[in-house]
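Novice: heads up, no residue letters with this:
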Ligand SMILES: C[S@@+](CC[C@H](N)C(=O)[O-])C[C@H]1O[C@@H](n2cnc3c(N)ncnc32)[C@H](O)[C@@H]1O
């Protein structure tokens with residue numbers, strides 16, 4: 001994959017950083033507690049693979065974990081470092097490194113963690129199955145492996161792939177208008193769907209919900225979604241069955257049904 005076919009995730013995260021406030025951080029902390037089913041990460045090691053803005057690494061540190069964050073994109077790494085300097089604390093330790101989940105030497109060097117967290121990342125590596133195995137292997141016995149992977153919508157996913165390819169092929173000054181056009185069409189579609197169900201049809205009404213969901217920003221999510229290449233998808237059974245064969249037990253799962261977006265999975269690793 002050439003540089004042009006890879007979305008500049010880190011630049012989008014740097015722009016998100018300007019919107020970050022304590023309210024969003026609190027939402028991120030709360031959503032992490034909900035997903036993991038844990039109130040605290042005191043005494044635990046948390047590995048954030050594909051840390052992006054660093055928001056969930058910060059959330060884990062605030063819950064008491066020692067954190068190691070990895071991202072392929074140097075701008076994401078810089079963004080996480082800035083976030084650590086602005087909002088993090090000296091203790092527990094929080095290390096940030098540039099590197100790829102697909103690099104076996106780097107991954108080995110990281111050791112293992114009580115919680116391996118990779119939200120919305122492994123489907124953007126260009127080799128999702130290998131990335132899932134590499135990430136899963138970093139989980140300590142009895143630890144948790146937590147990830148979010150794009151749902152396979154069949155034809156819908158192939159349409160999204162075309163939209164993403166166009167975003168990455170056009171000149172950078174046109175990309176803003178491409179996001180505006182695609183997001184505008186989808187927001188209107190959602191509004192119409194709400195109207196026929198006698199719900200408030202106002203477009204963009206889910207923007208506040210995004211903030212409430214994981215502390216994210218709807219605009220930056222749209223840019224990430226419309227630009228995010230490489231892009232792979234998977235049906236839940238194609239995630240759950242291979243990991244079960246590797247000794248992982250599914251503890252929690254939140255799917256989007258036949259819709260778009262990410263399915264979230266939390267596995268525990270058997271003790272052996
Ligand atoms: C959609 S963002 C998700 C960020 C973060 N996990 C979150 O939940 O907000 C995907 C991130 O994965 C990173 N990424 C993509 N391929 C990677 C790889 N091979 N190794 C490590 N990080 C990678 C991107 O640079 C980007 O920051």
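Specialist: Nice, I can see it. As the structure is a computational prediction, the values presented were derived from the model and not from experiment. Residues are numbered from 1 along each chain as shown.

Novice: now do the contacts for whichever residue of the stretch 51-200 of the chain sits closest to the ligand.
Specialist: Distances from the stretch 51-200 of the chain to the ligand, computed as CB to the nearest ligand atom, single out residue 52 as the nearest residue at 2.5 Å. (Each C-beta comes from the backbone N, C-alpha and C, glycine too.) When contacts are counted by CB atoms under 8 Å, 6 or more residues apart in numbering, residue 52 touches 9-10, 13, 71, 76, 79-80, 120-121.

Novice: least trustworthy helix or strand in the chain by mean pLDDT?
Specialist: None of the helices or strands of the chain scores lower by mean pLDDT, DSSP states H and E than helix 207-214, at a mean of 61.

Novice: what's the first helix or strand after that helix?
Specialist: Using DSSP states H and E, the next helix or strand after helix 207-214 towards the C-terminus is helix 218-227.

Novice: give me the helices and strands touching the following helix or strand past that following helix, please.
Specialist: Next helix or strand after helix 218-227 toward the C-terminus (DSSP H and E): helix 236-245. Contact here means 3 or more CB pairs under 8 Å, 6 or more residues apart in numbering; DSSP states H and E; on that basis helix 236-245 packs against helix 128-136, strand 248-254, strand 262-269.

Novice: how about 7 Å then?
Specialist: Counting contacts by 3 or more CB pairs under 7 Å, 6 or more residues apart in numbering; DSSP states H and E, helix 236-245 is packed against strand 262-269.

Novice: I'd like to know which elements the strand it packs on is packed against.
Specialist: Using 3+ CB pairs under 7 Å, 6+ apart: strand 262-269 touches helix 22-36, strand 139-150, helix 236-245, strand 248-254.

Novice: quick revisit: does the residue of the stretch 51-200 of the chain closest to the ligand count as helix, strand or coil?
Specialist: When the structure is split into helix, strand and coil by DSSP: H, G, I helix; E, B strand; the rest coil, residue 52 lands in coil.

Novice: look at it and report its pLDDT.
Specialist: pLDDT, residue 52: 96.

Novice: partner residues bridging the residue lying closest to residue 37 once chain neighbours are set aside?
Specialist: Among residues not flanking residue 37 along the chain, residue 252 sits closest, at 6.3 Å (CB to CB, 6 or more residues apart in numbering). In this structure, residue 252 has the following beta-bridge partners (DSSP bridges): residue 266.

Novice: ok, and the closest non-adjacent residue to residue 126?
Specialist: Distances taken as CB to CB, 6+ apart place residue 230 nearest to residue 126, at 4.1 Å, with adjacent residues excluded.

Novice: residues in contact with the residue of the chain positioned farthest from its centre?
Specialist: Note on the chain: the largest C-alpha distance from the chain mean falls to residue 198, namely 32.4 Å (CA atoms, centre = their mean). Applying CB atoms under 7 Å, 6 or more residues apart in numbering to residue 198 gives no contacts.

Novice: that one in helix, strand or coil?
Specialist: Three-state call for residue 198 (three-state DSSP): coil.

Novice: what residue ranges in this structure score low on pLDDT?
Specialist: For the chain, the stretches flagged by pLDDT under 70 are 1-4, 201-212.

Novice: so which residues on it come close to the ligand?
Specialist: Taking CB under 6 Å from any ligand atom as the criterion, the chain approaches the ligand at residues 9-10, 50-53, 55-56, 70-73, 76, 100-102, 119-121, 124-125, 224.

Novice: just the residues you listed: which are in strands?
Specialist: Assigned to strands by DSSP state E, the following of the residues of the chain next to the ligand qualify: 70-71, 119.

Novice: neighbours of residue 59, how many?
Specialist: With neighbours defined by other CB atoms under 10 Å, the count for residue 59 comes to 26.

Novice: and it, what element?
Specialist: Taking DSSP H and E as the definition, residue 59 sits inside helix 55-62.

Novice: mind giving me the packing neighbours of that helix?
Specialist: Based on contacts counted as 3+ CB pairs under 7 Å, 6+ apart, the elements that helix 55-62 packs against are helix 22-36, strand 45-49, strand 66-71, helix 74-87.

Novice: pull the distance from that helix to the chain's centre.
Specialist: Relative to its chain's centre, helix 55-62 lies at 13 Å (CA atoms, centre = their mean, to the nearest Å).
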